[in-house]
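Enquirer: Fold the following and give me the result.
(2 chains)
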Amino acid sequence: MELFRALGSLLEPPCAETRLIARVLDLGPAPDEAEYSELFLFQVYPYASVFLGENGGLGGEARDRIAGFWRALDRTPPKEPDHLATLLATYARLVEAEEGAASPEGEARWRQVRHACLWEHILSWSLPFLTKLREIAPPFYQGWVDALEAALAQESAALGPPARTPLALRESRPLGDPRVGTASDFLEALLSPVRSGVVLTRGDLARAARDLGLGLRIGERAYILRAMLSQGAGDTLGWLADEARRWERLHDASGSIAPEVADFWVERARSAAGLLADLAADPVSIARSEPAGSTA
Amino acid sequence: MSADRVDPARLEARVSAARRETEARGETFYPGPSRVRLAAFPPKERWDDWVELDSKAWPERREKRYMLVPTTCFNCESACGLLAYVDRDTLDVRKFEGNPEHPGSRGRNCAKGPATLNQVVDPDRILQPLKRVGERGEGKWAPVSWEEALDDIAGRIGAAIREGRQQEVMYHVGRPGEDGFTERILAAWGVDGHNSHTNICSSGARAGYQFWCGMDRPSPDHARADAILLVSSHLEAGHYFNPHAQRILEGVKRGAKLIVLDTRLSNTATHAHHWLATQPGSEAAVLLAIASYLIRTRSYDRDYVRRWFNWEEFLEAERPAEPRTFEAFEEALEAMYAEYTFEFAAEEAGVDAGELEEIAAIVARAGSRLSTHNWRSAAAGNEGGWQVSRTLFFLNALTGSIATPGGTYPSAWNKFVPRPIRLPRHPEHWNGMTWPDEYPLAMYEMSFLLPHILKEGRGRLEVYFTRVYNPVWTNPDGFAWIEALTDPEKVGLHVALTPTWNESAYFADYVLPMGHSSERHDIHSYETHDGQWLGFRQPVLRTARERLGEKVADTRHTNPGEVWEENEFWLELSWRIDPDGSLGIRRFVESKERPGERLTTDEYYGWIFENSVPGLPEAAEAEGLTPLEYMRRYGAFEVTRDVGPLHTEEVPAAELAGSVEGPRGRVYTPVPEPVATNLAPTAAPDPDAEGRRAVGVMVDGAILRGFPTQSGKLEFYSPTLVRWGWPEYAVPTYIRSHVHPRSMDDDQSCLISTFRLPVQIHTRSANAKWLDEIAHTNPLWIHPSHAAKVGVGTGDLVRVETEIGHFVVKAWVTEGIRPGVVACSHHMGRWKLGKGDAIGASSATGRVETTGQRQLMATVDMNRKGDDWKLARRRGAGPYQSSDRDTSRIWWTDVGVHQNLTFPVHPDPISGMHCWHQAVRVVRAGSRDRYGDIHVDAERSHEVYRRWLEKTRAASSHSPDGTRRPHWLIRPVRPVRDAYRLDRSREGEA
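Expert: Sure thing, here's the model as predicted:
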């Protein structure tokens, strides 16, 4: 399963080795360090915990769950077990373990582990990640997205669907109504793809501010969003509702690779769109409940 | 391209083909940071020409080209791999990072590794050989040539050897260099003059391990453990801390429980699942309570205990009326340890009995996946501290977690010491100054007693080397050392081999500059995990020049100034001691390739790598390199991994021809021992009466290799201790420390003085500016309740009164220490005598005046009136102009207090270990007390020495066989067997 490992290595900062791999994969001119940083350090983060966590941040239970997968295999989890490069390399190792198993029982056991890794830890979140990447990345990474989507499609077809929706999705809470819950939880949930069904980058928020004529305050995403809501809650919520409806369509379009997972994401975005539309029609002052200077 | 047009199978094939092709060229296909690997390292095929952007040129993108040359760190003993970044334009070392090819450290370093750069460019380092021109200690020096120094020293040593005064030549080592190198040099001279720092360091722990298994260090497999039990601070500063700490963290990430016994809230304790802040000295009681739990709940590995404990020998000697059955032993075992209840241990240790039970259950559940470690800590602090490691290893023995995955290995099985090109003879005399009659069971030389032994007139020294060692500062009772070193009747010539100024070098006759880690050769191997590896320390600028095509025959040609390396120095000195070969020394340092010429380091290491390291020639050949070229390129080689339980290996039939089975299954053979390439030190069990060597032990009908003990088994019962006069310690037990509350007055506290700071290492690191900025003082840790009684707050001065004097230090009030215990860290309190501030040759006189290192040394006045010694701080550190602009930015003045001066010697009567903990009184400083004040009464210090001497049981009165020491125990530079005899002429004994 060399391809997974090779694609994973391209999620690392560009260097001589990755340029060679890019050439082998026919991905065109490799990006420079600045393009890499803009994409993966400032816009879309290739970590499962960012997509599956409660607040759209790094680490936490979402990362621990993947670390636990390593521990269950009696292996020491790496420092960033939920980075997509790690997950792809891990998957490649599992495939090799299956191929190298000494007995049919061993082979079946490794296949089961491989199945869990693919569905629970990779496919559960990577399709929205890839969708976003396709939208904003330079051509090199668009080619990379195509290659990885094709490889994932091949694997999901080969291993068959999961018996249940992945645990991280099953156990995630949807976007909560700020009229019932807290404003800060609402903000965090908006930035958590698994809860809102929406992937919001800094670039997205800048675009929204520009389109809505709001001032863009530079900072963490939660800070930017809170500042926008404080300036124009109705407009911002309306924009978010539109964005959720757009993501509903995007999730639906990516459904062919993993329909069992795509259904979940479609539903999350649809439900968020409904709530956000309600809120936009009757904007609550969620931004007033906490000072704009605090960050989520 | 879009996803539906991509053919993954085709891409897979292309990537696989490209990878195979790239790796076939010996190059790296995937970048270092695959995130399932460690981190980013320069691929090794680009080490000759590595390009980085020059950070100082930012924002301009200016490229800098480096040659990356591996070496081995020389700060602590871990021997972690370093990569020196040698600037290709200037051939200067610009930085040090980790060597990813090193199997022990795996590319990771602590702060001390990269700070090697500070040591290399230190403006205060010693760059030329110096000879004293004033009185010893006066601080006046003249440059001297290496030739002159070598001839003088060699002449004196040669004369001593010719006149039968071999015992007057002594080498005292601090930071170890190459395994066994200097021991072999001394043996070649026929001199039993090795003197190590070990008895102020690790003898206590070594004793506990050696009495069990004939090997004197633990090698825990932390990464695979289910429970990690540390009597130390391994995650920050303990022995081999970087290689072990990274594996402890791996184990914890895997789910292992971390249990730490430490009186202080160390960084390690903060990471523990269970932290026991035990009363100092109570650790063995805690460990025996866990053992007792395992025994009474029958949760120990019965089959392992039955097979590997010498329980039959125990029953035979201690329970002669009992049947010789394992069941009878189990009953005896339970009865013996029944008194060690959790409640008893809790009372002794001042911890919660319930938590002890929880910990015992964790240990029981871990079974064969219990990794443990103790090295200094409690074993080095307490009288009877050797029982800490003995009772700790008892837990491994009970759980069968010895040499198992996740368990604890004996050191020698995880260490590789290659056979050298020449092995010299054993010395024929016994040195009674280092191995005195009173300490027949001491694990190492009684080094720290030397001033008292000299004072008693037991001998004198003609030539005394201190080698990267600083006894005046490091040892207890430093004024006794100054007294000895300034008396030419006691010490004829003191030669300090050191890279930097230190408190002992001030009292030398020659100060000879030796290289740092990037300026010298050594090979190293340490027990960092279940594997064997060999690390190569090398002078990196020499190697860099050789890569560029130059031929370098002498490391001095590429080192800074006239800095040399020790191995070339010792070879040359040996050559000169015996100029005509009549002493039989020259042949041990003679070239095999060019008879009549001296051995070179290239030939020496080339021979070892070619002939003594299994697998290395093949690995080198695969890359088109010679073995020496391979080691110069990569700096390390993994000899083997997953060594496993060697004691369970069956002895090959070829070794058993004519063998006989002795008592209790010990098997002896007349077949000579096969020539071993690995000379890792182990004990040497005695042969039988017919001279046949102990080759194995019968276990359940099979002859297995066993342990290098007299019985071949794990010696739960130590017949050695019984026969040499200590029957009360026949089995692992608890000895109440000299700082047990019962032994102290109500107004006394225990002072812990040995703990390290994560970024410093003894006095080695004092000239590393980055480290000094981080850690430069040593306040007294004191609990708030204790501080309230004394009436002090943080920053107030306290006077700490020991048995022989006092020191004045600042208080640090913290809940991170047990109430009633105080602690003051190691490393600090460095000083130089106030002799002026110039360093460098005076143009008028040609003499050199020095005040030593200036970043971490206070300037002091030292005064002596009879037996009354005082040290008073004149000023602390401060900014100064030098070749390094950073020295003008030094912002700290406080460099701590030299507490060790006020400690008397406390030699443990069995292990010989100096028992560091002190019973002290802590009082608020008086109006005349000043920070850093030291006062010592030398007469009292000698009285304390005499008092501890009375605890001993001397060989002359307790030896069971007329020898000075059990021959089977490990001993550096082991003399010939005849020299062990007490009735041999005292000639040669001081």
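Enquirer: contacts and neighbour counts: CA atoms only from here.
Expert: Noted.
Enquirer: any bit of the longest helix along chain A sitting next to chain B?
Expert: Secondary structure of chain A per DSSP state H: the longest helix is helix A:221-253. No: Helix A:221-253 stays clear of chain B (C-alpha under 8 Å from any C-alpha of the partner chain), getting no nearer than 12.9 Å.
Enquirer: If we go by neighbour counts, what in that helix is buried?
Expert: By neighbour count on 16 or more other C-alpha atoms under 10 Å in any protein chain shown, the buried set for helix A:221-253 is A:221-230, A:232-248, A:250-252.
Enquirer: any low-confidence regions in chain B?
Expert: Where chain B drops to pLDDT under 70, the residues are B:1-4, B:26, B:32-40, B:835-851, B:985-990.
Enquirer: so whatever residue of chain A ends up closest to chain B is in which element?
Expert: Going by C-alpha to the nearest C-alpha, chain B is nearest to A:D146 of chain A, at 4.0 Å. Following DSSP states H and E, one finds A:D146 within helix A:139-159.
Enquirer: in that helix, what's buried?
Expert: Quick answer for helix A:139-159 (16+ other C-alpha under 10 Å): A:139, A:141-153, A:155-156.
Enquirer: and if you look at stretch B:10-21?
Expert: B:L11, B:E12, B:R14, B:V15, B:S16, B:A18, B:R19.
Enquirer: how about residue 28, secondary structure?
Expert: Reading this off chain A. Three-state call for A:G28 (DSSP: H, G, I helix; E, B strand; the rest coil): coil.
Enquirer: gap between it and B:L628?
Expert: For A:G28, the distance to B:L628 equals 43 Å [C-alpha to C-alpha, to the nearest Å].
Enquirer: go on, A:L212?
Expert: From A:L212 to B:L628 the distance is 70 Å (C-alpha to C-alpha).
Enquirer: More neighbours: which of those two?
Expert: Legend: neighbour count by other C-alpha atoms under 10 Å in any protein chain shown for A:L212 and B:L628, higher for B:L628 (22 against 14).
Enquirer: which ones are touching the more buried one?
Expert: B:D602, B:Y605, B:G606, B:F609, B:E610 (C-alpha atoms under 8 Å, 6 or more residues apart in numbering or on different chains).
Enquirer: Which among the residues you listed count as buried?
Expert: Applying 16+ other C-alpha under 10 Å to those flags B:Y605, B:G606, B:F609, B:E610 as buried.
Enquirer: on contacts alone, who are the packing partners of the strand or helix carrying the first one?
Expert: Secondary-structure assignment from DSSP H and E places B:Y605 in helix B:601-611. Helix B:601-611 is packed against helix B:616-622, helix B:627-634, with contacts defined by 3 or more C-alpha pairs under 8 Å, 6 or more residues apart in numbering or on different chains; DSSP states H and E.
Enquirer: List the contacts of that helix.
Expert: B:418-421, B:521, B:567-568, B:591, B:593, B:616-617, B:626-628.
Enquirer: Same check on stretch B:220-231?
Expert: B:244, B:247-252, B:254-262, B:362-363, B:366, B:369-375, B:377-378, B:405-409, B:528-530.
Enquirer: Recalculate using a threshold of 6 Å.
Expert: B:247-248, B:250-251, B:256-261, B:366, B:369-374, B:406-409, B:529 (C-alpha atoms under 6 Å, 6 or more residues apart in numbering or on different chains).
Enquirer: for it, the distance to its chain's centre please.
Expert: Chain-centre distance of stretch B:220-231: 20 Å, with C-alpha atoms, centre = their mean, to the nearest Å.
Enquirer: From the chain's centre, how far out is stretch B:408-421? Work that out for me.
Expert: Taking C-alpha atoms, centre = their mean, the mean C-alpha location of stretch B:408-421 is offset from the chain mean by 15 Å.
Enquirer: and the gap between the residue of the stretch 201-350 of chain B found nearest chain A and A:T90?
Expert: Nearest to chain A, among the residues of the stretch 201-350 of chain B, is B:R254, at 4.8 Å (C-alpha to the nearest C-alpha). Between B:R254 and A:T90 the computed distance is 16 Å (C-alpha to C-alpha).
Enquirer: low pLDDT regions in the stretch 1-150 of chain A?
Expert: In the stretch 1-150 of chain A, no residues with pLDDT under 70.
Enquirer: show me what contacts B:D868?
Expert: Neighbour list for B:D868: B:D937 [criterion: C-alpha under 6 Å, 6+ apart].
Enquirer: ok, what's across the strand from it?
Expert: Judged by DSSP bridges, the bridge partners of B:D868 are B:K865, B:D937.
Enquirer: Residue 31: neighbouring residues, count only.
Expert: Chain wasn't specified; assuming chain A. When neighbours are counted by other C-alpha under 10 Å, A:P31 comes out with 18.
Enquirer: my bad, the chain I had in mind was chain B
Expert: Look at B:P31: counted by other C-alpha under 10 Å, it has 24 neighbours.
Enquirer: ok so it is a helix residue?
Expert: No: applying three-state DSSP, one finds B:P31 to be coil, outside a helix.
Enquirer: Direction included, what does the helix or strand containing B:G696 pair up with?
Expert: In the assignment (DSSP H and E), B:G696 maps to strand B:693-699. With DSSP bridges as the test, strand B:693-699 is paired with strand B:666-669 (antiparallel), strand B:702-704 (antiparallel).
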